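*Asks:* Give the three-dimensional model of this entry:
(4 chains)
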Protein chains: 2
Amino acid sequence: MDHERSLRERLIDVGAELVASEGTGALGLREIARRAGVSHGAPRRHFPTHHSLLSAIARRGFAELAGRVTALEAAAAQSTPRERVRAIGRAYVGYALENPGMFSLMFRHDLLDGSGEAPSGEPRLRESTLPLFGLLVALVGRCGVAEPSVTAAALWANLHGVAQLWGWGSLPLALGEDPATDVERLVDAAVDAHLGGAPA
Amino acid sequence: MDHERSLRERLIDVGAELVASEGTGALGLREIARRAGVSHGAPRRHFPTHHSLLSAIARRGFAELAGRVTALEAAAAQSTPRERVRAIGRAYVGYALENPGMFSLMFRHDLLDGSGEAPSGEPRLRESTLPLFGLLVALVGRCGVAEPSVTAAALWANLHGVAQLWGWGSLPLALGEDPATDVERLVDAAVDAHLGGAPA
DNA sequence: CCCACGCCGTAGACAGTGTCTACTGGCGCT
DNA sequence: AGCGCCAGTAGACACTGTCTACGGCGTGGG
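*Replies:* Sure thing, here's the model as predicted:
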């Protein structure tokens, strides 16, 4: 490390803090550099373009989400597969609702460089979700469904849609009532629907 | 009308064409004015701010989506409720995949003025989906589920997530195979899951 | 008849953005 | 010691959204 923490990491840090506190609109290149205490040209040494910096910040988000899920998995390793799926679902939309700015950044296909990533091993951004998806496929497969991959995909889409629409404000508006309890009902409804009634 | 079509409408027109052909990133205020053949200050007479213009364009998107759905409903008025729900689902993600730019604009809570809309009757943007949601609630209610509103909300979220994740590129990457057929399988999986097995 | 008012669109200024290009200062290497 | 390299600086450039002052036009009242 250079100064105790390389500027590259510091830029991602302040970007993550900034998107958490102010939202995606505050993620200007110059603003990030300002809060990192460097001049506006400095980030260019580490990220060729603004989009690549945002991609790195989004990658941090995916990493934290994956960390939450794997922690969950490590803790409740001997629960039923179905309970694990439900826990993952709650963690997914929980993360989205606790970090709305980061979550929206993570899935903004504009802003994020969709084309080739640097050959330095970093996978392309939209492949960051593949390991999580693989885990989901394995778990729903152990729940005894016919086609695990398509069921897992449909379930993931359901969780993602709940997170997105709820955060957007239209779903709570349609359902009314308390915020926190309804979103859990939706997650449970999704898991129950795709994994069958309520057995086990 | 002033010149054959008021500038207000023309601005929304070119915005819709622009977002369809170039994506949300091309929706600059000056760019829209340029393509409409007016100076960059002209839009300000009709829209107080850039966001309000984008909101008007997004409203156009919601209107077209609603138009497709109501046309579908009018045509197949005597199908089973379930088939109508499935048709609506396909129309929803079909619209999203055919108009990815407009669809992403419609649900970008930043960009869109979340606060009070002009008192001139125009409802706030995120309430534009309420009539469609109401229709969905009615239809799933006629399918004999216990809690129509929560089931309808979960199903809507599922469709929305399919549209979003598929357009994002991660779902097709996970499932592989053909593009067009898989997304229909996902829509069918969603409808079947939330409405029960495959009866009638 | 004509003048004054209101409104639509123009043109320019202003702060701010992302990218690009010189340039500087300090470090390690031969 | 001298040299090169590289992270960070500083300024320019084109562009953006917003604001303000200014024309030009039609309409209505005296």
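*Asks:* What parts of chain A come near DNA strand D?
*Replies:* A:2-3, A:7, A:38-42, A:44-46 (C-beta under 7 Å from any atom of the strand). Quick note: C-beta positions are derived from backbone N, CA and C, even for glycine.
*Asks:* now these in JSON lines, with neighbour count, distance to DNA strand C and pLDDT?
*Replies:* Compiled in JSON lines, the residues of chain A next to DNA strand D are given as follows (neighbours: other C-beta atoms under 10 Å in any protein chain shown; distance: C-beta to the nearest atom of the strand, whole Å; pLDDT from 0 to 100):
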{"residue": "A:2", "neighbour count": "9", "distance to DNA strand C": "10", "pLDDT": "49"}
{"residue": "A:3", "neighbour count": "7", "distance to DNA strand C": "11", "pLDDT": "55"}
{"residue": "A:7", "neighbour count": "18", "distance to DNA strand C": "14", "pLDDT": "96"}
{"residue": "A:38", "neighbour count": "15", "distance to DNA strand C": "12", "pLDDT": "98"}
{"residue": "A:39", "neighbour count": "10", "distance to DNA strand C": "9", "pLDDT": "98"}
{"residue": "A:40", "neighbour count": "13", "distance to DNA strand C": "5", "pLDDT": "98"}
{"residue": "A:41", "neighbour count": "10", "distance to DNA strand C": "4", "pLDDT": "98"}
{"residue": "A:42", "neighbour count": "14", "distance to DNA strand C": "10", "pLDDT": "98"}
{"residue": "A:44", "neighbour count": "13", "distance to DNA strand C": "6", "pLDDT": "98"}
{"residue": "A:45", "neighbour count": "10", "distance to DNA strand C": "9", "pLDDT": "97"}
{"residue": "A:46", "neighbour count": "16", "distance to DNA strand C": "12", "pLDDT": "97"}
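*Asks:* With respect to residue A:31, which of the residues you listed is nearest?
*Replies:* For these, the minimum distance to residue A:31 (C-beta to C-beta) is 9.2 Å, reached by residue A:40.
*Asks:* On the three-state scheme, the closest one is what?
*Replies:* Classification of residue A:40 using DSSP: H, G, I helix; E, B strand; the rest coil returns coil.
*Asks:* Then residue A:57?
*Replies:* Each residue gets one of three states, and residue A:57 gets helix by three-state DSSP.
*Asks:* Check whether it really touches residue A:14, as I assumed.
*Replies:* No - the pair formed by residue A:57 and residue A:14 falls short of the contact definition of C-beta atoms under 8 Å, at 9.4 Å.
*Asks:* Neighbour count for the two, which is higher?
*Replies:* Neighbour comparison, residue A:57 and residue A:14: the larger count goes to residue A:57, with 26 against 19 (by other C-beta atoms under 10 Å in any protein chain shown).
*Asks:* what's the more buried one in contact with, if anything?
*Replies:* Applying C-beta atoms under 8 Å, 6 or more residues apart in numbering or on different chains, we find residue A:57 in contact with A:12, A:15-16, A:19, A:27, A:102, A:105.
*Asks:* Of these, which is the nearest to DNA strand C?
*Replies:* For DNA strand C, the closest of the contacts of residue A:57 turns out to be residue A:27, at 7.0 Å, with distances computed as C-beta to the nearest atom of the strand.
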